[in-house]
Structure formats: C-alpha cells, structure tokens
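A.B. asks: everything below, folded, please.
(one chain, ligands or ions: 1)
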Amino acid sequence: MTAAFGARLAAAMDEHGPLCVGIDPHPGLLASWGLPDDVGGLREFALRVVDVLGGRVAALKPQSALFERHGAAGMAVLEDVVSAARAAGTLTIVDAKRGDIGSTMAGYADAFLSDGSPLAGDAVTVSPYLGFGSLSPAADLAARTGRGIFVLCLTSNKEGHEVQHAVGSDGASVAASVAAQAAVLNAGADPMGSVGLVVGATVGDAVRETGTDLEAVNGPLLAPGLGAQGAGAAELAKVFGAARPRVLASTSRAVLGAGPDGLPDAARTAADEARGALRA
Ligand SMILES: O=c1ccn([C@@H]2O[C@H](COP(=O)(O)O)[C@@H](O)[C@H]2O)c(=O)[nH]1
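C.D. replies: Now for the predicted structure:
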C-alpha cells in the first residue's frame, strides 16, 4: 500500500528542501526558451523541466490551464509530465483548482486522484467555494489512493480577499472555516495529513486578520507567490509564523525564466532561500 501523501511529501521536503517548482508553460516563456507556442514547444519545455529538476526538488506543480490551452494534445503532454515525474521519483501537484457540486466533483476526483488515471499525480489543487463539503469525493478518494488535495484558503491574488475574508454567521472568516475543516480531516495524522491548504506568500497579515489557525491544520501549506508575484523570503517567513515547518514554497516564472541551462542554479537558489526563510 502506498504511503499517505502527507508522509511522502514530508520525506521529500526533508530530503530536498521546502521548494516546489511550478511548470507554467506561458507563451512568453516558451518564446524565451526559443520554442514555438504549440504542442511541440509545450512538450519540449515541460519535459525538459522534469528532466532537469526531477530528483532535485520536493515537488513539481504543472499548471493545468497552460496545458489545457493546447487542447487534447496539451492534456496528453500533461499526462506525460505526470508520468515522467513519477519515473524520476518526484511528487507532482497538478494545479487544476477543480471544484463543483459533489456528484461532478466525483468525476474530477476520478480524473486527478484515482489509480490508473493518466492525469493523476500525487495531489491536486481544489476550490472550496461550492462549500467545503462538496470536496468530499476528492478528499475520500485521495485518502483511499494515498494522494493529497490542496484546498484554496488564502490565495496569492488580491481579488481573493473579498471572498476569503468574508465573515459568516458563526463569526468565522471563510478562510478560517476552510482551515478548520481541513484540520478535522488531518486530525491524528503523523507526520502530517494529506489535506493541504493554499496560502499565498503575498497575503501579508491575512492569516492573523482572518483568524486562520494554520498551525492546527496539521497538513502541508502550499505557498505560491514567490518571485514573479513579488514575495520573497521575508514575506514567506512573516506570513506563516510558527506554521513554517509545514510550508512548501512554490515558484514558477522566477525559476523557469532562467532558461533550460539556468534551471538547476535557479532552483537551488530558490530552495536555499525558502529553507532559510522557513527554518523555525
Ligand atoms: O493562490 C494561488 C494559487 C495558485 N497559484 C498558482 O501558482 C503559480 C504561480 O506562478 P508564478 O509564476 O510563480 O507567479 C501559477 O500557476 C498560479 O496559478 C497562485 O499563484 N496563487
């Protein structure tokens, strides 16, 4: 039986440091790598990232949107990325941000979390804005297959504020409520559970302002926003406070922009910065 995602991610972070590199094949990045913005360019770019960084970072995070924009052939490349990363022994978090009513969520869960699905990496990002309970099919299937989910909690974009800081009739903010429900699913897991949260490194004081208890979550905290979105080591340390040991810092364009030859150094520097910032 495969070990639970939380345990596998904790081991990968111990071995490689707390860095996840996003595979975001933006048209501008393809151009800067001298590649065409077509499915051939996409394939070369994405598989090169896996080839160079596989076995060097805790996780890779392919951004589904940038594969989907190439249609079915782009999705086939995403499947190849997941498979190549698995062969390299590197965890993948497919950043697809899926969320729907429970019956449809079961379909997304099958696609991204079931054994034998070519799109199933080790974890997938999901959106709780149809209600946290609507994610149950994904949380249940992830638990059964040793995979994980990352639930959007405090996203790195400024527009997330209007939804995530809103306060419900119980007096709790939406973000705090998402975190509390993740904590229930992770209760008792050791070294940590497989239900993670997405909390941007750019969110400033939002954790405190929303009363979100990240320490209680007992799951991984995926922190995008480093580099291209403006956050650095200082922001990372400040946002997460005492929850730092469970943070998986994530960066895409800032590392990918170094080009294929510069990738190893850029990833190493980013990993060192994240490790320094998150050392408790
Ligand atoms: O709150 C969130 C959730 C997800 N993301 C994703 O992470 C990467 C960030 O890319 P950069 O190039 O490092 O800015 C991208 O795929 C986003 O969709 C996020 O940024 N914020």
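A.B. asks: name the nearest residue to the closest residue to the ligand within the stretch 1-150 of the chain, sequence neighbours excluded.
C.D. replies: Per C-beta to the nearest ligand atom, Gln63 is where the stretch 1-150 of the chain lies closest to the ligand, at 3.8 Å. For glycine as for every other residue, the C-beta is placed from the backbone atoms N, C-alpha and C. Spatial nearest neighbour of Gln63, excluding adjacent residues (C-beta to C-beta, 6 or more residues apart in numbering): Asp24 at 4.4 Å.
A.B. asks: isn't the one you found right up against Arg253?
C.D. replies: Yes. Asp24 is in contact with Arg253 according to C-beta atoms under 8 Å; the separation is 6.4 Å.
A.B. asks: more neighbours: the two, which one.
C.D. replies: The neighbour comparison of Asp24 against Arg253 (other C-beta atoms under 10 Å) goes to Asp24, with 22 against 16.
A.B. asks: ok, the more buried one to Val82 distance?
C.D. replies: 15 Å (C-beta to C-beta, to the nearest Å).
A.B. asks: check Gly17 too.
C.D. replies: For Gly17 relative to Val82 (C-beta to C-beta), the value is 22 Å.
A.B. asks: how about Ala189?
C.D. replies: 24 Å.
A.B. asks: one more: Pro36?
C.D. replies: For Pro36 relative to Val82 (C-beta to C-beta), the value is 23 Å.
A.B. asks: so for the two, which sits in the more crowded spot?
C.D. replies: Per other C-beta under 10 Å, whichever of Pro36 and Val82 has more neighbours is Val82, with 22 against 12.
A.B. asks: list the contacts of the more buried one.
C.D. replies: By C-beta atoms under 8 Å, 6 or more residues apart in numbering, the contact set of Val82 is 62, 92, 94, 118-121.
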